[in-house]
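>>> dropping a prediction and its sequence here:
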Amino acid sequence: MTMVIAEIKLPEKDAEMILKVISKLGGKIKLIEPANPKLSPAAKKMKKDLEAAFKEVKLHQEGKIKLKTLAEVLDEL
C-alpha cells in the first residue's frame, strides 16, 4: 500500500472536481480550511473593532486603564 500526503491549494471550483476524481479512485481526503479566510469589508471592520475592545478589556483587567461606567456612556448619548 502506498501513502502520499500532500497539501494542494486550488481555486474552489477546481478543487471540487479534483475531490470527486480522488474519491472515485478510492483515495481519502482531509480538507483543511485556509488559515486566513477572506472577509468582507464589514467583517474586517467588525473584527478590528472587536480586537480593539478586547485589548481595552485586557488593559482594564491589568489596571492600566479605567473604563467608563454605564452612566458615563449614557451621558455621552
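Perfect, thanks for sending it.
>>> which residues of the protein score low on pLDDT?
Confidence mapping of the chain against pLDDT under 70 gives the ranges 1-4, 34.
>>> so after the longest helix seen in it, what's the next helix or strand?
Ranked by residue count and defined by DSSP state H, the top helix of the chain is helix 41-61. Scanning forward in sequence from helix 41-61 by DSSP states H and E, the next helix or strand is helix 70-76.
>>> pull the contacting residues for the closest residue to His60 other than its chain neighbours.
Spatial nearest neighbour of His60, chain neighbours left out: Leu67 (4.9 Å); criterion: C-beta to C-beta, 6 or more residues apart in numbering. Any C-beta I mention is one placed from the backbone N, CA and C, and that applies to glycine too. By C-beta atoms under 8 Å, 6 or more residues apart in numbering, Leu67 lies in contact with 56-57, 60.
>>> burial measure for Phe54, as a count.
10 (other C-beta atoms under 10 Å).
>>> please report the distance of it from Leu10.
34 Å (C-beta to C-beta, to the nearest Å).
>>> could you do Leu77 as well?
Separation of Leu77 from Leu10 (C-beta to C-beta): 50 Å.
>>> for Lys64, same thing?
For Lys64, the distance to Leu10 equals 46 Å [C-beta to C-beta].
>>> with Lys58 instead?
Counting by C-beta to C-beta, the gap from Lys58 to Leu10 is 39 Å.
>>> and if you look at Lys38?
Distance from Lys38 to Leu10, counting by C-beta to C-beta: 15 Å.
>>> also Lys68?
From Lys68 to Leu10 the distance is 49 Å (C-beta to C-beta).
>>> cool, Ser23 as well?
15 Å.
>>> now Val57
Note on Val57: its distance to Leu10, by C-beta to C-beta, is 40 Å.
>>> same question for Lys24.
Distance of Lys24 to Leu10, given as C-beta to C-beta: 17 Å.
>>> between these two, point out the one with more neighbours.
More crowded of Lys24 and Leu10, by other C-beta under 10 Å: Leu10, with 11 against 8.
>>> does the more buried one count as helix, strand or coil?
Leu10 falls in the coil class when you classify it by DSSP: H, G, I helix; E, B strand; the rest coil.
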